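In: just the structure for this:
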Amino acid sequence: MSARAVVPEPHVSEWNVRLRLVEVGDLTEAHAVLDTGVNLIEVDAEAHRSAQDPADPAIGDELAVGRALAALGQQLIHRGSTAAEAVEAARRRDTP
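Out: Below you'll find the model as predicted:
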């Protein structure tokens, strides 16, 4: 009889991101909120239109949102790295 590998159940979660954009003159501000179901992570970012740039609101929106999502990504990487380091430090303390 052959041994069958036990396949663990997948971990599934759904996270939601809300974005709010405000454009006033040459400034576009983005506010992003990530809801993990356990935590809310919020970031702000902005984009400034130069005088030589076209007056197209979509460009400012894309830049401000891109910057907000990049900042959100950096926060997630930092949080994950910090949590992993804490678990590893605790494991080393508990290992004789």
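
In: can you pull out the strands in this structure?
Out: Assigned by DSSP state E, the strands in the chain fall at 16-24, 27-35, 40-48.

In: which strands or helices does the second one pack on?
Out: Other helices and strands packing on strand 27-35, by 3 or more C-beta pairs under 8 Å, 6 or more residues apart in numbering; DSSP states H and E, are strand 16-24, strand 40-48, helix 57-94. For glycine as for every other residue, the C-beta is placed from the backbone atoms N, C-alpha and C.

In: so of those, which one's packed in deepest?
Out: When the helices and strands packed on strand 27-35 are scored by mean count of other C-beta atoms under 10 Å, the highest mean neighbour count falls to strand 40-48 (a mean of 15).

In: tell me the strands beside that strand, with direction?
Out: strand 27-35 (antiparallel) (DSSP bridges).

In: flag every buried residue along the strand it pairs with.
Out: 28-32, 34 (16 or more other C-beta atoms under 10 Å).

In: hmm, who's touching stretch 62-81?
Out: Contacts of stretch 62-81 with the rest of the structure, by C-beta atoms under 8 Å, 6 or more residues apart in numbering, involve 17, 19, 21, 28-32, 34, 41, 43-47.

In: hang on, the earlier thing: from the buried residues of strand 27-35, which is closest to A5?
Out: Checking those against A5 with C-beta to C-beta, the nearest one is L34 at 35.0 Å.

In: partners of that closest one in the sheet?
Out: Applying DSSP bridges to L34 yields these beta-bridge partners: V17, I41.
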